[in-house]
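>>> Here is my input, please return the structure:
(one chain, ligands or ions: 2)
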Amino acid sequence: MKIKTADIVISAVSQKQYPEGMMPEVAMVGRSNVGKSSTINTILNRKKLARISSSPGKTRTINFYIINNEFHLVDLPGYGYAKVSRDERAAWGKFIETYLTSRKNLVEVLLLVDIRHEPNNDDVLMYNWIKQYGFGTIVVATKSDKIPRSQLQKHINLIRGTLKMDAEDKVIPISSLKKQGIENLWGALEELFIA
Ligand code: GTP
Ligand code: MG
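Ligands and ions are numbered 1, 2, ... in the order given. The predicted structure is shown next:
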């Protein structure tokens, strides 16, 4: 995909602020620090559009980006961040859930998992939820630069196995650091919009 324009629409703190209209939308979900914001910057070829941080819990709002005036990419706060209070975590959970369950524009929810680690219980729950809601279940395995190429398939198999993925569901390894796998991810996204 040729990125002609990419801009933030709004950092929403409540449902009232979601952009109006029916522009198709793809959302990124996953644990804190998995690389959701980095992935947005990388696939848009913009260094600083989405704010990233080495400490988890960076993204705390729902950030809507508009691409080529054609679709939205949506960066969500990560789940499973231990260092915030239980109340705050519950509030984030609710905030994310409200978005995912109410947003009519959503055409796909990408689940991001760190390629190095076995998906945890939160990831399994999220994956099942995405599936149950009828999305295409594309899993993006981030930080592929952190494992040797010879280990890639082993890690992908572990992710597939733990999430109990169907054979036709995609796992796309990417590295924002090394800019790897980006074309594969765009290929999968383009299929959604063209189909
Ligand atoms: P929250 O907003 O806290 O939910 O995190 P996030 O999922 O948006 O993660 P973010 O993009 O902020 O990245 C977290 C950390 O992982 C940062 O230090 C990034 O530089 C690092 N990171 C992201 N992608 C990659 C990658 O492909 N390779 C490596 N080595 N590091 C990465
Ligand atoms: Mg983030």
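
>>> Residues touching the longest strand along the chain, excluding its own?
Longest strand in the chain, counting residues (DSSP state E): strand 106-114. Outside strand 106-114, the residues that touch it by C-beta atoms under 8 Å, 6 or more residues apart in numbering are 24-31, 34-36, 39, 100, 119, 123, 126-127, 130, 133, 135-143, 159, 189, 192-193. For the C-beta atoms, the positions are set from N, CA and C on the backbone; glycine is no exception.

>>> Given that strand, what are its sheet partners and their directions?
strand 25-30 (parallel), strand 138-142 (parallel) (DSSP bridges).

>>> Now, of the contacts of strand 106-114, which are buried?
Using 16 or more other C-beta atoms under 10 Å as the burial test, these include 25-31, 34-36, 39, 100, 119, 123, 126-127, 130, 135-143, 159, 189 as buried.

>>> if we look at ligand 2, which of those are close to it?
residue 36 (C-beta under 5 Å from the ion).

>>> Ligand 1 next: which of the buried ones among the contacts of strand 106-114 are close?
30, 34-36, 142-143 (C-beta under 6 Å from any ligand atom).

>>> residue boundaries of the strands in the chain?
Under DSSP E, the chain gives strands at 6-12, 25-30, 62-67, 71-75, 106-114, 138-142, 170-173.

>>> that older thread, what is the orientation angle of the longest strand of the chain with strand 71-75?
For strand 106-114 against strand 71-75, the angle by axes from the mean of the first three to the mean of the last three C-alpha atoms, to 10 degrees is 40 degrees.

>>> which residue sits closest to residue 79 in space, ignoring its chain neighbours?
residue 122 (5.5 Å; C-beta to C-beta, 6 or more residues apart in numbering).

>>> For the one you found, give its distance to residue 78.
Computed as C-beta to C-beta, to the nearest Å, the residue 122 to residue 78 distance reads 10 Å.

>>> The two: who's more crowded?
Higher neighbour count among residue 122 and residue 78: residue 78, with 25 against 14, using other C-beta atoms under 10 Å.

>>> which residues sit in contact with that one?
30-34, 36, 56-57, 59.

>>> These: which two are farthest apart?
Taking every pair in these and measuring C-beta to C-beta, the maximum separation is 13.0 Å, between 30 and 57.

>>> average pLDDT across the longest strand of the chain?
For strand 106-114, mean pLDDT is 97.

>>> now do stretch 187-194
On average, stretch 187-194 scores 86.
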